[in-house]
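Trainee: Provided below for reference: sequence and predicted model.
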Amino acid sequence: MKRVLISKKKIDERVKQLALKLTKDYKDKLPIVIGILNGSFIFLSDLVRQIKTDLEIDFLKLSSYGDRKISSGEVTLLKELNCDIHKRHVLLVEDIIDTGISAKYMRELMLKRKPASLEFVTLLHKTEVSKLDFKIKYVGFNIPNEFVVGYGLDFAQKYRNLKSIHVLKN
Ligand code: IMP
Ligand code: MG
């Protein structure tokens, strides 16, 4: 029913590589790493434990797809930050960038607060789908336009606890 797209082993290797790069890029900058709930919680927890420089962590929560696989195109904020990002180096951690609607929304929201810098880290990017007018600096894997679950990603709240990334077949 579910085909493995990216194994746990591949994910671990890539998370280590991303963390190495982030360690270099954010050395002594005390970045605020912001996880986008709920999907990014496993990726974020693996990633930050591999980053070897001091950092802070906070979370944002956006409205979800509900139980559908297609984005409603409407984004609302369900949980605000608990910190001030003004003049701070901000890293937004996403599980996946699909249409890019959520990323655009968060970018605009964060930029109004004038951080010192703002970048995205996403584990997965559906490059065929997203049309962005800004660059996603840190990408784990570019994937085809298929609905995936596992490693934090859900369908109707299920499958977040799978260790690998699977394509959900109908
Ligand atoms: P976007 O706004 O279309 O880029 O999608 C944002 C959010 O939709 C992601 O952070 C995920 O939570 C969810 N999403 C998009 N594609 C998938 C998928 O293939 N599987 C599970 N969740 C997804
Ligand atoms: Mg998400």
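Mentor: On my side now, so go ahead. Ligands and ions are numbered 1, 2, ... in the order given.
Trainee: mean confidence for the single longest helix found in the chain?
Mentor: Of all the segments of type helix in the chain, defined by DSSP state H, the longest one is helix 8-25. For helix 8-25, the mean per-residue pLDDT is 98.
Trainee: so what's the backbone phi/psi at M110?
Mentor: In this entry, M110 is assigned phi and psi values of phi -70, psi -40 (degrees, to the nearest 10).
Trainee: Leaving out sequence neighbours, find the closest residue to it.
Mentor: Closest residue to M110 apart from its sequence neighbours, by Cβ to Cβ, 6 or more residues apart in numbering: L118 at 5.5 Å. Bear in mind the C-beta positions are built from the backbone N, C-alpha and C, glycine included.
Trainee: Any part of stretch 75-90 near ligand 1?
Mentor: No. In this structure, stretch 75-90 remains apart from ligand 1 according to Cβ under 6 Å from any ligand atom; the gap is never smaller than 7.0 Å.
Trainee: Which phi and psi values does the residue nearest the centre of the chain adopt?
Mentor: Ranked by distance to the mean C-alpha position of the chain (Cα atoms, centre = their mean), the top residue is E94 at 0.9 Å. E94 adopts backbone torsions of phi -110, psi 150, taken as degrees, to the nearest 10.
Trainee: Distance of it relative to ligand 1?
Mentor: From E94 across to ligand 1, the span is 5 Å (Cβ to the nearest ligand atom, to the nearest Å).
Trainee: what's the distance between that residue and K87?
Mentor: Taking Cβ to Cβ, to the nearest Å as the measure, E94 falls 23 Å from K87.
Trainee: Please verify my assumption that F147 contacts D154.
Mentor: No. Judged on Cβ atoms under 8 Å, F147 makes no contact with D154 at a distance of 10.5 Å.
Trainee: Can you pick out the residue with more neighbours from the two?
Mentor: With neighbours defined as other Cβ atoms under 10 Å, F147 and D154 compare such that D154 has more, 19 against 16.
Trainee: Contacts only, for that one.
Mentor: Under the criterion of Cβ atoms under 8 Å, 6 or more residues apart in numbering, the neighbours of D154 are N38, G39, R160.
Trainee: Tell me the secondary structure at I42.
Mentor: helix (DSSP: H, G, I helix; E, B strand; the rest coil).
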